[in-house]
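Participant: predicted structure and sequence below. I'll ask about it afterward.
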Amino acid sequence: MSVRRRFWILIGLVTVSGFSQGMLLPLLAVILEQNGVSSSINGIHATGLYIGILIASPFIEKPLRSFGFKPIILFGGVLVFTSLFFFPFWESLWFWFALRVTIGIGDQILHFGTQTWITTTAHKKDRGLSIAYYGLFFSLGFTLGPLMTNLLSISTFAPFLLSSFLSLCVWLFMLNVRNEFPEDDYASAHGTSSFSRFVKAGKLGWIAFLGPLCYGFLEASLHGIFPVYGLRLGHEVQMISLIIPAFAAASLFSQIPLGRWSDSIGRPKVIRFALTGGILAFITATFVEDSVLALFICFAFAGLCVGSLFSLGISYMTDLLPKELLPAGNILCGMSFSIGSILGPFLSGIVLDIFPGLSLFLVIVGLLMIVFAAFLFKKDSIVDEVRA
């Protein structure tokens with residue numbers, strides 16, 4: 001199989017992973033809200049997916065070196081589509097939480113395998129573009145996922161079973177891919193120097209990890225808590241299911257241009273530009289949150305700007321770290337994303353319970369301003385200075 005065909009199969013797996021994540025967050029948030037579950041419990045429940053990501057993160061690099069890319073990606077895919085299949089058969093808060101954790105574990109295994117395979121085989125001059133495609137198709141799946149909430153009017157079973165079936169279909173293509181192992185100089189992030197490698201990767205690349213953290217916070221808050229917030233504002237479920245995908249859909253149009261732009265002028269400059277646009281979009285949203293059309297426009301503009309933070313962060317991480325630290329860097333990117341995704345619904349849900357009159361979007365603006373300040377005062381790396 002050609003490298004190009006393998007690349008697109010990996011991208012396909014990322015797409016259905018984004019689809020399942022994009023579906024689960026608003027779908028379960030709406031179901032739990034309609035069942036009378038409080039927003040704080042709803043937010044905590046939404047963290048199950050990202051707790052699974054954190055649980056899997058420290059343990060997945062060693063199997064990668066032992067078994068290669070293909071087996072761990074297949075295993076992660078099995079966890080995802082089997083868990084999705086079991087959702088409709090027992091409507092229990094704790095059972096659903098356990099399934100969310102299992103999907104988080106599977107998604108992290110799948111993403112680590114595909115992400116590492118792509119980042120280590122991409123040419124340096126096109127690295128930003130390759131990872132932009134990764135982010136683009138994840139966002140595409142994430143855009144389509146929330147639309148599955150409309151199937152609740154047909155059956156509770158329908159969205160879960162459809163997502164499981166789609167995941168299985170794409171997973172089957174992976175069976176024809178030839179297994180490969182990390183290169184010899186692709187040093188392990190574990191072993192005798194495990195802790196020191198993570199510390200070194202953290203010191204060198206901490207600024208890059210803020211991109212995945214921020215994106216995780218945004219993704220989980222907008223998909224997991226905004227449905228609850230939108231229902232309380234009086235918006236209908238069908239309208240909410242159209243507003244939420246605007247964020248990820250708009251990012252489809254900016255992933256590739258921002259990736260190319262970051263290859264040319266440097267990641268930090270592009271990230272600062274993106275954060276500025278996101279701050280303006282969500283500040284505007286606080287004043288127009290009663291209008292469905294205005295929220296749709298604000299979500300779309302925010303997606304154009306900050307919808308690429310995850311892929312830009314990964315690209316920046318690969319710039320900052322030497323190749324032997326890329327395993328640790330990829331793991332820390334996943335952990336940063338999951339930490340942001342846990343903090344998003346948790347903090348947003350608590351804020352809505354304690355301060356019911358406060359806009360959800362002000363919480364998001366606060367985080368974006370903190371991350372912007374970090375990038376504003378952090379000097380650009382030598383890599384970026386040379387590129388510029």
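Facilitator: Done, it's in. Numbers count the residues shown, from 1 in each chain.

Participant: so in the chain, where's the weakest helix or strand by average pLDDT?
Facilitator: Least confident element among the helices and strands of the chain, by mean pLDDT, DSSP states H and E: helix 382-387 (a mean of 44).

Participant: measure how buried Phe195 is and give me the count.
Facilitator: 9 (other C-beta atoms under 10 Å). Bear in mind the C-beta positions are built from the backbone N, C-alpha and C, glycine included.

Participant: I'd say Ile55 and Gly104 touch.
Facilitator: Yes. Ile55 lies in contact with Gly104 (C-beta atoms under 8 Å); the separation is 7.4 Å.

Participant: more neighbours, those two?
Facilitator: Gly104 (27 against 15).

Participant: that one contacts Ile53, doesn't it?
Facilitator: Yes. Assessed by C-beta under 8 Å, Gly104 is found in contact with Ile53 at 4.6 Å.

Participant: who touches both of those two?
Facilitator: Listed as contacting both Gly104 and Ile53 by C-beta atoms under 8 Å, 6 or more residues apart in numbering are Ser338.

Participant: in the protein, where is pLDDT below threshold?
Facilitator: The chain contains residues with pLDDT under 70 at 1, 124-125, 183-194, 379-388.

Participant: so for Phe81, what's the nearest residue that isn't a sequence neighbour?
Facilitator: Ser167 (3.8 Å; C-beta to C-beta, 6 or more residues apart in numbering).

Participant: what about the one you found, neighbour count?
Facilitator: Neighbours of Ser167 using other C-beta under 10 Å come to 25.

Participant: name the helix or strand for it, please.
Facilitator: helix 157-173 (DSSP states H and E).

Participant: contacts for that helix, please.
Facilitator: 9, 12-13, 15-17, 19-20, 23, 27, 74, 77-78, 80-82, 84-85, 87-88, 145, 148-149, 151-152.

Participant: list the buried ones in that helix?
Facilitator: Within helix 157-173, the residues that qualify as buried are 159-161, 163-164, 166-168, 170-171, counting by 16 or more other C-beta atoms under 10 Å.

Participant: please tell me how far the residue nearest in space to the middle of the chain sits from Trp8.
Facilitator: Per C-alpha atoms, centre = their mean, the C-alpha nearest to the average position across the chain is that of Gly216, at 5.4 Å. Using C-beta to C-beta, to the nearest Å, Gly216 is found at 26 Å from Trp8.

Participant: kindly report the same for Val199.
Facilitator: 36 Å.

Participant: and for Arg178?
Facilitator: Taken as C-beta to C-beta, the span from Arg178 to Trp8 is 15 Å.

Participant: quick one, which of those two is more surrounded?
Facilitator: Trp8 (14 against 9).

Participant: the helix or strand hosting that one vs helix 157-173, what angle?
Facilitator: Assigned by DSSP H and E, Trp8 belongs to helix 3-34. Helix 3-34 runs at 160 degrees relative to helix 157-173, counting by axes from the mean of the first three to the mean of the last three C-alpha atoms, to 10 degrees.

Participant: show me what contacts Val351?
Facilitator: 358, 360, 363.

Participant: any of the residues you listed buried? List them.
Facilitator: So, by 16+ other C-beta under 10 Å, the buried ones in the contacts of Val351 are 360, 363.

Participant: who touches stretch 361-376?
Facilitator: By C-beta under 8 Å, 6+ apart, stretch 361-376 touches 207, 210, 213-214, 217-218, 221-222, 268, 271-272, 275-276, 278-279, 282-283, 285-286, 289, 306, 347-348, 351.

Participant: whichever of those residues end up buried, select them in PyMOL.
Facilitator: Entered in PyMOL, the line below selects the buried ones among the contacts of stretch 361-376, by 16+ other C-beta under 10 Å:
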select buried, resi 207+210+213+214+217+218+221+222+268+271+275+278+279+282+283+285+289+306+347+348+351
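
Participant: run a quick neighbour tally on Phe253.
Facilitator: 15.

Participant: who are the packing partners of the strand or helix carrying it?
Facilitator: Element membership for Phe253 (DSSP H and E) is helix 237-265. Judged by 3 or more C-beta pairs under 8 Å, 6 or more residues apart in numbering; DSSP states H and E, the packing partners of helix 237-265 are helix 3-34, helix 127-144, helix 194-224, helix 226-233, helix 267-287, helix 292-306, helix 309-320, helix 382-387.

Participant: contacts only, for Val199.
Facilitator: So Val199 contacts nothing (C-beta under 8 Å, 6+ apart).
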